[in-house]
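>>> Here is the input, now give the coordinates:
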Amino acid sequence: MLELGFFIKKIIAFWLMPLSMVVLLLCLSVFFLWKKPHSSIGKIAASSALILLLVFSWNPISTPMLRSIEQTNIPFDINSPVDYVVVLGNAATSDPSIPLSSHLSSSATARLLEGLRILNANPTAQLIVTGYAGNNTKSSAQVYKEVAINLGIKPERITAIDWPKDTEEEAQAVKEIVNDKTVAIATSASHMPRAIEFFYKQNINAIAAPTFYLGKQTEKIDWRFDAAGLLKSERTIYEYIGQLWQWLKH
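Coordinates of the predicted model:
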């Protein structure tokens, strides 16, 4: 049942992403435009696809939307002492033709770097890395561990948990290790509001350490329509779907 729920959540999230909706509407428009009796439906679908693409890829809209989520938690105070640093899982691709440091996604790299920054400020703290393999040959936890060791962290300071498939399972697994100790949670800023809630529900003494901010404030407004704007909208919608799923389950 848990496996089914996990895949249903992923499928729903996929089809509610802006680009997925645009592609679906364009396919419908082409289909109905070729069927003359229903050409008006095709025109409506094509117009809707264009409007969605313009809205979700326009930075003056997508940036504030994502920023409203990313600014929920303040950055980690490096002077705060912690016993554990937890780096939550993200995509990893074990391609032997590229350097180990490139096996992690941009988000995963930012999460690990923030985790190591906090770890270096707490010489007695332990590092916990999480995440399952998915379609990769190695789990994200294993890749995190390999990169951390490569960057000079001693293996005995690292615990890799490679079975959790989502944030809720990560929180449950971490609870078994940390008990009532103080824990810094490193994850993407957009993911943090949902993630930290799972750790609080496990009664973990967790401190948010958000990173990988995409909705950055600049002196001049970026008026462009671009893929970066579309990515911000997708992150916003994905997190809202995740928060709704979290609310429904709990």
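>>> Endpoint to endpoint, stretch 66-81 covers what distance?
30 Å (Cα to Cα, to the nearest Å).
>>> Equivalent analysis for stretch 182-195, please.
Start-to-end, stretch 182-195 (Cα to Cα) is 16 Å.
>>> Can you list the buried residues in the one helix or strand Q243 maps to?
Following DSSP states H and E, the helix or strand that holds Q243 is helix 227-249. By neighbour count with 16 or more other Cβ atoms under 10 Å, helix 227-249 contains the buried residues 229-239, 242, 245-246. For the C-beta atoms, the positions are set from N, CA and C on the backbone; glycine is no exception.
>>> Any regions of this structure where pLDDT drops low?
1-6 (pLDDT under 70).
>>> which residues of it fall in strands?
84-87, 126-130, 158-161, 182-188, 205-211 (DSSP state E).
>>> give me every residue that touches Q71.
189, 215 (Cβ atoms under 8 Å, 6 or more residues apart in numbering).
>>> For L230, see how far away it is.
For Q71, the distance to L230 equals 21 Å [Cβ to Cβ, to the nearest Å].
>>> S139: which of the strands of the chain is closest?
Closest approach to S139 among these (Cβ to Cβ): strand 158-161, 7.4 Å.
>>> just to revisit the earlier point, of the buried residues of helix 227-249, which is the nearest to S39?
Nearest to S39, judged by Cβ to Cβ, of these is L230 at 28.4 Å.
>>> Quick check: the closest one touching F56?
Yes: in this structure, L230 is within contact of F56 by Cβ atoms under 8 Å, at 5.7 Å.
>>> quick one on the thing from earlier: and the contacts of the helix holding Q243?
With contact meaning Cβ under 8 Å, 6+ apart, helix 227-249 is reached by 9, 12-13, 16-19, 53, 55-59, 61-63, 65-66, 69, 168, 190-191, 193-194, 197-198, 214-215.
>>> swap the cut-off to 6 Å and go again
9, 13, 17-18, 56-59, 62-63, 65-66, 69, 190, 194, 214 (Cβ atoms under 6 Å, 6 or more residues apart in numbering).
>>> for the strands of the chain, which one ends up most surrounded?
The highest average neighbour count among the strands of the chain, using mean count of other Cβ atoms under 10 Å, belongs to strand 84-87 at a mean of 28.
>>> Each with direction, which strands does it pair with?
When sheet partners are counted by DSSP bridges, strand 84-87 sits next to strand 126-130 (parallel), strand 182-188 (parallel).
>>> I'd like these as JSON lines, with distance to L100 appended.
Below are these laid out as JSON lines (distance: least, Cβ to Cβ, whole Å):
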{"stretch": "strand 126-130", "distance to L100": "14"}
{"stretch": "strand 182-188", "distance to L100": "19"}
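>>> Minimum distance to D95: which of those has it?
Closest among the strands paired with strand 84-87, using Cβ to Cβ: strand 126-130, at 19.5 Å.
>>> Fine by me, thanks again.
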